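Asks: take a look and give me a structure for this.
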Amino acid sequence: MNKKRIKRGTRMLRKCYIAAACLIACMGGVQAQENTCVIKGRMLKDSLRHTPQRIQKIYLTQMDEYERMINVDSVKPVNGTFTFTRSLKQGEPELLYLLTGFDNGNVQLFVEPGTVEVRIPDAAFPAGGMAKGTPTNDLYNQYKEIRRLCIKEQTDTLNVWQEKHGESFNQWMSRPENQEEWVRVGAAAMVAASAAQLRFLLEHNDSPLVPLMLEKEVYPTLSKAYVQRMLKSLSPKLKKHPYYRSFSNVVRAQELKVGGELPDITLPLVEGGRKTLEDFKGKYVLLDFWASWCGPCRREIPYLIQLYNETQADRDRFVIVSFSLDNKEKDWKNAIRTHQMDKEEWAHASDLLGWGSPAARMLGVTAVPKTILIDPEGRVISFSLRGEEMVSRVKQILAGAPAFGEGDGKEEEKK
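Replies: Purely as a prediction, here's the structure:
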């Protein structure tokens, strides 16, 4: 009797182990699914537009923060179908990618956990494709539908007029009063669509789609004050998302002034890796734009070295960040060594894009040298310090002198 009970207990225990193993496997599958984006595409017509050839390869392309297109994966379509599987890191943000390899445009889609279904009616016109099946892609389709309805309203009006006037339509349409009416119809439809899009974005202000659309489509049409209010209307949940940071930078860059916050530029460091200006909050920062080929910049270097040497005791609350507008890495690094700027805790950065640097453009840098003194809260103290005045002013502030004079932040113009 005891042996039977032992056998039954052993069988039950074995079943429990099997059930537990199955549960763990299932949980692993769920975890894998949560961290994977599967893109399943189908082209109903898979020929190119400007050549009779068929599509040979489709690329999954990412836009980096400098708006450069980087192919991250590729597949060969089979009978008009293709699949991408992209593993996502924990907490990886939802970002807009492109399907490329066509000769007349691309397909936009968000890469995020889940299965994205892409349908392309005609590969010769890929912009007519649609991605759906995941939250941000579905939301993007709803947003684009507002614009499509705007176009449809204008087309429907035109069709009604054509049906009404028949063969005399062109003559009727050529009259000034009818031309004015057509312009009015189009303008009214665009205003209504813009209002509907703004309302839609406000209603979904926790989606990464929103700061992206605000930056790319909406903000150029609005006043500075209105754009600032749009930024404040976004959910705090988005604050760490790259699209929030990018839109916030655009808003800050609209008005560079003493007392204002600077855009949070990226700093690709000379030793590798990168930081942002935000990483230096809590310290006074002297942001120095320069270049190895710039004579006036070289004449400023001794003053920077003097300032570095005379603020040794304040290293925990003051830092010099030199951002080079060089586009040749060798010249940049050689200049740092040659001019003895390669000192501990003196940060050197460059994106090696010269005058095409987004950081320089965003901060209104049109000539070098250019120094910007920033307080620990990220507010601009000055845009114009040079030479002995720079050394003296920084030392005075570190010794306790007021960083801002009366009226600072209101009267000084962007320089």
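
Asks: please make it C-alpha for all contacts and neighbour counts, starting now.
Replies: Will do.

Asks: show me how the chain divides into domains.
Replies: Taking automatic domain parsing as the reference, the chain has its domains at 1-34, 36-133, 150-204, 210-254, 257-398.

Asks: in the chain, where is pLDDT below threshold?
Replies: 1-34, 406-415 (pLDDT under 70).

Asks: just the helices in the stretch 201-350 of the chain please.
Replies: Taking DSSP state H, counting those that start in this stretch as the test, the helices found in the stretch 201-350 of the chain are 209-213, 224-232, 242-253, 295-310, 329-338.

Asks: which residues touch the shortest one?
Replies: Under the criterion CA atoms under 8 Å, 6 or more residues apart in numbering, residues 136, 139, 140, 201, 204, 231, 234, 243, 244, 247 lie in contact with helix 209-213.

Asks: ends of stretch 380-389, how far apart?
Replies: 17 Å (CA to CA, to the nearest Å).

Asks: now do the phi/psi pair for residue 140.
Replies: Torsion angles at residue 140 (phi, psi; degrees, to the nearest 10) stand at phi -60, psi -40.

Asks: rewinding a little: adding distance to residue 405, write the domains of the chain out as JSON lines.
Replies: Converted to JSON lines, those look like this (distance: least, CA to CA, whole Å):
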{"stretch": "domain 1-34", "distance to residue 405": "53"}
{"stretch": "domain 36-133", "distance to residue 405": "36"}
{"stretch": "domain 150-204", "distance to residue 405": "39"}
{"stretch": "domain 210-254", "distance to residue 405": "22"}
{"stretch": "domain 257-398", "distance to residue 405": "9"}
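
Asks: for these, give me CSV that also has mean neighbour count.
Replies: Putting these into CSV (neighbours: other CA atoms under 10 Å) gives the following:
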stretch, mean neighbour count
domain 1-34, 12
domain 36-133, 17
domain 150-204, 14
domain 210-254, 17
domain 257-398, 17
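
Asks: quick one, which of those is nearest to residue 404?
Replies: domain 257-398 (6.4 Å; CA to CA).

Asks: how far off centre is the closest one?
Replies: 24 Å (CA atoms, centre = their mean, to the nearest Å).

Asks: same thing with stretch 157-174?
Replies: For stretch 157-174, the separation from the chain centroid amounts to 45 Å (computed by CA atoms, centre = their mean).

Asks: list of residues touching it?
Replies: Looking at what lies outside stretch 157-174 - CA under 8 Å, 6+ apart - the contacts are 178, 179.

Asks: please apply the same query to stretch 386-399.
Replies: 300, 303, 304, 306, 307, 311, 314, 371, 403.

Asks: what do you get if the cut-off is 6 Å, keeping everything else the same?
Replies: 303, 307, 403 (CA atoms under 6 Å, 6 or more residues apart in numbering).

Asks: and stretch 359-366, by the same measure?
Replies: With CA under 6 Å, 6+ apart as the test, stretch 359-366 has contacts from 253, 265.

Asks: now do the end-to-end distance for that stretch.
Replies: 11 Å.

Asks: kindly report the same for stretch 41-60.
Replies: With CA to CA as the measure, stretch 41-60 spans 12 Å from end to end.

Asks: centre of the chain to stretch 79-87, how far?
Replies: With CA atoms, centre = their mean, you get 25 Å for stretch 79-87.

Asks: stretch 398-406 too?
Replies: 35 Å.

Asks: buried set for that stretch?
Replies: residue 403 (16 or more other CA atoms under 10 Å).

Asks: run through who's touching stretch 338-358.
Replies: By CA under 6 Å, 6+ apart, the surrounding residues in contact with stretch 338-358 are 267-270, 320-327, 336.

Asks: got these as TSV, with distance to residue 287 columns?
Replies: Converted to TSV, the contacts of stretch 338-358 look like this (distance: CA to CA, whole Å):
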residue	distance to residue 287
267	11
268	14
269	14
270	15
320	6
321	5
322	6
323	7
324	11
325	13
326	16
327	19
336	16
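
Asks: so which of those residues comes closest to residue 284?
Replies: For these, the nearest to residue 284 is residue 320 (8.6 Å; CA to CA).

Asks: and that closest one, how far from residue 283?
Replies: Going from residue 320 to residue 283 by CA to CA gives 10 Å.

Asks: which stretches of the stretch 251-400 of the chain form strands?
Replies: 266-268, 274-276, 284-290, 318-324, 347-349, 370-374, 380-382 (DSSP state E, counting those that start in this stretch).

Asks: now the ones you listed as a markdown table including distance to residue 62?
Replies: Output for the strands of the stretch 251-400 of the chain, formatted as a markdown table (distance: least, CA to CA, whole Å):
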| stretch | distance to residue 62 |
| --- | --- |
| strand 266-268 | 18 |
| strand 274-276 | 19 |
| strand 284-290 | 29 |
| strand 318-324 | 26 |
| strand 347-349 | 24 |
| strand 370-374 | 33 |
| strand 380-382 | 34 |
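
Asks: Three-state assignment for residue 72, please.
Replies: strand (DSSP: H, G, I helix; E, B strand; the rest coil).

Asks: who's in contact with it?
Replies: Shown in contact with residue 72 (CA under 6 Å, 6+ apart): 60, 61.

Asks: try it again with 10 Å
Replies: By CA atoms under 10 Å, 6 or more residues apart in numbering, residue 72 lies in contact with 59, 60, 61, 62, 86, 97.

Asks: kindly report the same for residue 144.
Replies: residue 197.

Asks: for it, identify the helix or strand it belongs to.
Replies: Per DSSP states H and E: residue 144 is located in helix 135-165.

Asks: I'd like the next helix or strand past that helix.
Replies: By DSSP H and E, the next helix or strand past helix 135-165 is helix 169-173.
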